[in-house]
Structure formats: C-alpha cells, structure tokens
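Colleague: Sequence and computational prediction follow.
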Amino acid sequence: MFEHFFQCPYCWEEISVLLDPSVSTQTYIEDCEVCCRPIEFRVVFEEGELVEFQYSDIEQ
C-alpha cells in the first residue's frame, strides 16, 4: 500500500489515503476522514509508481 497526502476540497484539512499500486487505474469515492463528505478519486500507477492522482468534490 502507498500512503498519499492531499487537502480535502471541502474542509481544507490535510488527510491521507492508502493506494494500492497493484491496480493500475482506479476511480472510486471515499469520504473525508475529517468532515465525512464524499470525494471522488482517480489514481493511475505505472510500473508501481504513482503517475496521476486527481480528486474532486462531489456536487450534490
């Protein structure tokens, strides 16, 4: 597992997510561990290296 830090698009707190480099392309939704609002992630690994990490709030 690979720990990656980023800033929540809602509460602006720095949080981290655990990423699995064995799956090359991932898109998923996970709640912020501070404010519990949903964040959509897009993650791409190439040869075990993180090459793309995008995240965005989910407008409701």
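Modeller: Nice, thanks for sending it over.

Colleague: any weak-confidence spans in the chain?
Modeller: 60 (pLDDT under 70).

Colleague: so how far is Glu13 from the spatially most central residue of it?
Modeller: The centre of the chain sits closest to Phe41, judged by C-alpha atoms, centre = their mean, with a distance of 4.5 Å. Applying C-beta to C-beta, to the nearest Å, the value for Phe41 to Glu13 is 16 Å. Every C-beta, even on glycine, is put in place using the N, C-alpha and C of the backbone.

Colleague: can you pull out the strands in the protein?
Modeller: Taking DSSP state E as the test, the strands found in the chain are 2-7, 14-19, 25-31, 38-46, 49-57.

Colleague: helices or strands up against the third one?
Modeller: In terms of contacts (3 or more C-beta pairs under 8 Å, 6 or more residues apart in numbering; DSSP states H and E), strand 25-31 is packed against strand 38-46.

Colleague: which other helices and strands contact the strand it packs on?
Modeller: So strand 38-46, by 3+ C-beta pairs under 8 Å, 6+ apart, packs with strand 14-19, strand 25-31, strand 49-57.

Colleague: Distance from the chain centre to stretch 48-55, please.
Modeller: Counting by C-alpha atoms, centre = their mean, to the nearest Å, stretch 48-55 is centred 9 Å from the centre of its parent chain.

Colleague: now stretch 11-28
Modeller: 3 Å.

Colleague: List the buried residues in it.
Modeller: Neighbour counts over stretch 11-28 (16 or more other C-beta atoms under 10 Å) mark Ile15, Val17, Leu19 as buried.

Colleague: list the contacts for Leu50?
Modeller: Leu50 sits next to Phe2, His4, Leu19, Pro21, Val43, Val44 when contact means C-beta atoms under 8 Å, 6 or more residues apart in numbering.

Colleague: Sweet, I'm off.
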